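> Sequence first, then the predicted structure:
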Amino acid sequence: MKPFRYERAQDASSAVALVSQSEQAGYLAGGTNLVDHLKLGVSQPDVLVDITQLPYDRIEALPDGGVRIGALVRNSDLAADMLIREKFPFLAQALLAGASGQIRNQATVGGNLLQRTRCVYFQDVSKPCNKREPGSGCPAREGYHRSMAVLGTSEACIATHPSDMAVPLVALDARVYVLSPQGERCVPLLDFYRLPGTEPQRDTVLEHGDLITALEVPGLPFATHSRYRKVRDRASYAFTLVSLAAAIDVDRGVIRDSRLAFGGLATIPWRAHKAEAVLRGAPATEETFLQAAEAELADARPLQENAFKVQLARNILVRMLQDLLEEKNS
Amino acid sequence: MIQATRPMIGAPISRLDGPNKVTGTATYAFEYQFDDVVYAFPVQSTIAKGRVVSIDATHARTVPGFLALITHENAPKIAPVGLLGPNDDMAVLQSDRVAYRGQFIAVVVAETLENARRAAELLDIRYEEHLHDTELRADRNDLVKPQALVAGMVTDTEHGDVETALSSAPILLDQTYTTPAYHHNAMEPHATIVIWKDESLTLYD
């Protein structure tokens, strides 16, 4: 581990100023991903600015039925919050599907959005990786890629985004509030993550020095009837192979609207716009659900070891919508 | 650890180390406290097969508290140990040969654990990399069965008489059952303290 300087920020603007001063500086919140990367040599900052004292630890109801979540709210606290559990149950379920109790107690909402891929090559500094070392190459296509993405990939990178929490959040059109030396701005979460393209080193649209201060989730009445399902190799303490966040609004057998997003399937938390478009106004039948899945997965570019993800995603989508429909009718 | 002085079946037996373990006061080897300890940090191979050509410690030596670099070139030679099986894959720092990824190929000694680890990261290691073959698949016909495993254990074991049992069984079920790989993961960190004082060697392991 490279030696670094530790600073504790007293307020947000001084934190932003400190990190903006050096290209190698970074923020430290829960540290559940960053500390691993320090040990592995994946991250080698010269300064870490501890932001855990900043006042971003509140969960507040919004007038539109939505919720504002401070960036430093712990994953456990968000999952246990009654507002979240009642209005956005799939967000609470996704949080509880991630990591372990200890890690969720430590991890923050802002840090969760910014966690980096668990691709084995990214985490091994003795191996090439275009995300870690731009231009060095990607051994995953030829090597181990069972867990990698089938949507949103590029020649340079096929790594998945590991967050569970971000999956229902992209389904919910969440907004990210960001503080920079120029002031505060709001970025829709759907524009927040970048496809790897030729610059896989940039996971998000954030610039160096940007600090996430809060998330807002707009109100969505039918999200009270939502679910997150995560398929993985072990029942706990494992990253997703394919997960799905789904909410559906059905009126007399016709789908009025739906929200669908996949985790583990793509290089970013993947909003299934194409599937939603097929569902909108269509009869709530297994055939419609299958068509929706096919529409979304038509662009999948699987490799030998991860081809199973396409079929798995299709099955999960169809089965989850059936389950949600049955619950609604019962 | 159980001490037996009378028949134990059915008897309530207390683990001697139970109270320490459940109250969190049991001590790992690494937690014994001594003054003047120095720290050895292992350096592991990043290739699966080949040989170590050179280890340049120019940068590593600039780390404060750096004390020593031990490699196959300066490590004491050890006598062959039968327990390690028929080849020397497990012999530590005895040759430049790399038999597996993660093999210990050097040890850095420094005044603190952090400095030893940092110095280890700064070593410039050059390998001659050979092609490796690590895929065990059922459809391969070029795999060999070793004569013995570590500690002389045999590769195949058999109990009972399968043919007789099958031919006399009233009901036969023909199914394939598989179990996932299980790895044993010790809670204790890999660490040992060695105190070499006068003519005695004390090992906490």
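Structure received.

> pLDDT value on residue B:2, please?
With respect to pLDDT, residue B:2 has a value of 53.

> now the farthest one out in chain B, which residue is it?
residue B:170 (46.7 Å; C-alpha atoms, centre = their mean).

> Determine whether any part of the longest helix along chain B lies close to chain A.
Determined from DSSP state H, the single longest helix within chain B is helix B:113-121. Yes. Contact of helix B:113-121 with chain A (C-beta under 8 Å from any C-beta of the partner chain) involves B:114, B:117-118, B:121. Every C-beta, even on glycine, is put in place using the N, C-alpha and C of the backbone.

> top of the residues you listed by neighbour count?
residue B:118 (22 neighbours; other C-beta atoms under 10 Å in any protein chain shown).

> Can you classify whichever residue of chain B sits closest to chain A as helix, strand or coil?
Of all residues in chain B, the one sitting closest to chain A is residue B:46 (3.5 Å; C-beta to the nearest C-beta). Following DSSP: H, G, I helix; E, B strand; the rest coil, we place residue B:46 in the coil state.

> Just confirm it contacts residue B:103, I think it does.
No. Using C-beta atoms under 8 Å, residue B:46 makes no contact with residue B:103, being 9.9 Å away.

> Tell me which helix or strand residue A:259 sits in.
Assigned by DSSP states H and E, residue A:259 belongs to strand A:254-263.

> So what's the predicted local confidence for the residue of chain B closest to chain A?
For residue B:46, pLDDT reads 95.

> okay, the residues of helix B:113-121 next to chain A in CSV with pLDDT next?
Below are the residues of helix B:113-121 next to chain A laid out as CSV (pLDDT from 0 to 100):
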residue, pLDDT
B:114, 93
B:117, 94
B:118, 95
B:121, 94
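
> From those residues, pick the one nearest residue B:161.
residue B:117 (55.4 Å; C-beta to C-beta).

> The nearest residue to the closest one once chain neighbours are set aside: neighbour count?
Computed as C-beta to C-beta, 6 or more residues apart in numbering or on different chains, the closest residue to residue B:117 that is not its neighbour in sequence is residue B:41, at 4.9 Å. Neighbourhood size, residue B:41 [other C-beta under 10 Å]: 18.

> tell me which strands and helices the strand or helix carrying residue B:41 is in contact with?
Assigned by DSSP H and E, residue B:41 belongs to strand B:39-44. Applying 3 or more C-beta pairs under 8 Å, 6 or more residues apart in numbering or on different chains; DSSP states H and E, one finds that strand B:39-44 contacts strand B:104-110, helix B:113-121.

> Mind listing residues that contact the longest helix of chain B?
Residues outside helix B:113-121 that contact it (C-beta atoms under 8 Å, 6 or more residues apart in numbering or on different chains) are A:1-3, A:41, B:39-43, B:57, B:60-61, B:63-66, B:106, B:108-110.

> Narrow those to those that are buried.
B:39-43, B:57, B:60, B:63, B:66, B:106, B:108-110 (16 or more other C-beta atoms under 10 Å in any protein chain shown).

> for residue A:77, phi and psi?
phi -70, psi -40 (degrees, to the nearest 10).

> Nearest residue to it in space, please, no chain neighbours.
Of all residues not flanking residue A:77 in the chain, residue A:59 sits nearest, at 7.4 Å (C-beta to C-beta, 6+ apart).

> who does the one you found bridge with?
On the basis of DSSP bridges, residue A:59 is bridged to residue A:69.

> What's the local residue count around it?
For residue A:59, the neighbour count with other C-beta under 10 Å is 18.

> Same question for the one 4 residues further on.
Using other C-beta under 10 Å, residue A:63 is surrounded by 6 other residues.

> Looking at it now. What's its pLDDT?
97.

> Over to it: give its phi and psi.
Torsion angles, degrees, to the nearest 10, at residue A:63: phi -60, psi -30.

> cool, residue A:164 as well?
Main-chain torsions, residue A:164, degrees, to the nearest 10: phi -80, psi -50.

> again with residue A:58
According to degrees, to the nearest 10, residue A:58 has phi -110, psi 150.

> do you know how far it is from residue A:49?
Residue A:58 sits 21 Å away from residue A:49, going by C-beta to C-beta, to the nearest Å.

> neighbour count winner among the two?
Per other C-beta under 10 Å, whichever of residue A:58 and residue A:49 has more neighbours is residue A:49, with 23 against 12.

> what sits against that one?
By C-beta under 8 Å, 6+ apart, the contact set of residue A:49 is A:7-9, A:15, A:18-19, A:25-28.

> Specify the local secondary structure of residue B:53.
Three-state assignment for residue B:53 (three-state DSSP): strand.

> which non-adjacent residue is nearest it?
The nearest residue in space to residue B:53 (C-beta to C-beta, 6+ apart) is residue B:126, at 4.5 Å.

> Double-check that neighbour against residue B:51; I have them as touching.
No. Counting by C-beta under 8 Å, residue B:126 stays clear of residue B:51, with 10.0 Å between them.
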